[in-house]
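Participant: what follows is a protein structure lacking sequence information:
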C-alpha cells in the first residue's frame with residue numbers, strides 16, 4: 001500500500017512539473033514576443049518573466065491547467081513583427097491582435113495552433129503572403145486579415161477550414177483567382193474579398209454556398225473579376241459586386 005501511495009505521489013509530482021514546464025514555455029514565448037514589439041502605452045508592463053506563469057499577466061487568459069488560451073491585444077498601440085515562436089502556444093484558442101501597427105509577415109508556424117478558434121490580425125501593416133499552413137487549423141471559425149498589405153494568392157488550403165464562419169480578406173493586395181475549394185466551407189456566413197486585385201470569375205462552387213450553404217454576404221467588388229454574379233433568392237442578405245460590364 002505504501003508503495004502505491006508513493007507511486008501516486010511521484011505521478012502527481014511529474015504531472016505538476018509538466019504543467020509548470022508548459023507554463024514556463026508559454027511565458028518564454030510571450031515574453032520573447034514582448035521584446036520584439038514596441039509598446040508605447042505600456043500595455044505589456046505586467047508581462048514579467050520572473051513570475052511562475054503568464055496567467056497573471058494582463059491581456060492573457062488561461063484555462064484550469066494554467067495554459068494560455070487567449071491573447072487579447074486589440075487596439076493596444078503595439079508595433080513590430082509577429083515571431084514564429086507563437087506557433088508553440090499549443091492550447092491557444094483566440095489570438096486577437098487587430099487594429100495595431102504590426103508589420104512583417106504572418107508566420108507559417110501559426111498553422112500549428114490546432115485549437116485556434118479566432119485569428120484576428122486585421123487593420124495592421126502586415127505584408128507577404130497568407131500562409132498555406134493556416135488551412136490546417138480545423139477548429140478555426142473566424143479568420144479576419146483585412147486591411148493589411150498582404151500580397152500573393154488566396155491559398156486553396158483555406159478550403160479545408162470546414163468550421164469557418166467568417167473569412168474576411170478585403171482591402172489587401174491579393175491577386176490571382178478565387179479558389180474553388182472555398183466552396184467546401186458549408187459553414188461560411190460572410191465571405192469578404194473586396195478591394196483586392198483578384199482576377200478570373202467567381203467559381204460556381206463558391207456561388208453554390210448561397211444556395212446550399214449558410215452564406216449571407218458575399219462581397220467581391222473592386223477587383224478585376226469578370227462580372228458573372230447576380231443576386232438571387234431572398235435568403236441572401238447581399239451579393240456585392242461591381243456593375244456588370246457591357247461590351
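Facilitator: Happy to help now that I have it. Computed from a prediction, not measured in an experiment: that's the story for all the values here.

Participant: what helix or strand is the residue nearest the centre of the chain on?
Facilitator: Closest residue to the average C-alpha location of the chain: residue 119 at 2.2 Å, with C-alpha atoms, centre = their mean. Per DSSP states H and E: residue 119 is located in strand 118-120.

Participant: what's downstream of that strand, the next helix or strand?
Facilitator: Per DSSP H and E, the first helix or strand lying C-terminal to strand 118-120 is strand 125-128.

Participant: adjacent strands (with direction) for that next one?
Facilitator: In the sheet, strand 125-128 lines up against strand 101-104 (parallel), strand 149-150 (parallel) (DSSP bridges).

Participant: okay, those strands, which one's buried deepest?
Facilitator: Comparing these on average neighbours per residue, with mean count of other C-beta atoms under 10 Å, the densest one is strand 149-150 at a mean of 18. All C-beta atoms are positioned from the backbone trio N, CA, C, and that covers glycine.

Participant: what's the helix or strand that it is followed by packed up against?
Facilitator: The helix or strand immediately downstream of strand 149-150 is strand 166-168, counting by DSSP H and E. Applying 3 or more C-beta pairs under 8 Å, 6 or more residues apart in numbering; DSSP states H and E, one finds that strand 166-168 contacts strand 142-144, strand 190-192.

Participant: report the mean per-residue pLDDT for strand 166-168.
Facilitator: Mean per-residue pLDDT for strand 166-168: 98.

Participant: residues touching the helix or strand just after it, excluding its own?
Facilitator: Where DSSP H and E defines the elements, the next helix or strand beyond strand 166-168 is strand 175-176. The contact list for strand 175-176, computed with C-beta atoms under 8 Å, 6 or more residues apart in numbering, reads 151, 152, 153, 154, 196, 197, 198, 199, 200.

Participant: what's the closest non-adjacent residue to the fifth one?
Facilitator: When you say that, I think you mean residue 196. Of all residues not flanking residue 196 in the chain, residue 174 sits nearest, at 4.2 Å (C-beta to C-beta, 6 or more residues apart in numbering).

Participant: show me how the chain divides into domains.
Facilitator: Domain assignment for the chain, taken from automatic domain parsing, gives 1-122+131-137, 151-247.

Participant: pLDDT value on the closest residue to residue 149 other than its chain neighbours, please?
Facilitator: Excluding the flanking residues, the one nearest residue 149 by C-beta to C-beta, 6+ apart is residue 127, at 4.8 Å. Looking at residue 127, its pLDDT is 98.

Participant: which residues are in contact with residue 70?
Facilitator: The contact partners of residue 70, taken as C-beta under 8 Å, 6+ apart, are 60, 61, 92, 93, 94, 96.

Participant: ok, back up a step: redo the strands paired with strand 125-128 as JSON lines? Include distance to residue 25 and mean pLDDT.
Facilitator: Formatted as JSON lines, the strands paired with strand 125-128 follow (distance: least, C-beta to C-beta, whole Å; pLDDT from 0 to 100):
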{"stretch": "strand 101-104", "distance to residue 25": "23", "mean pLDDT": "98"}
{"stretch": "strand 149-150", "distance to residue 25": "30", "mean pLDDT": "98"}
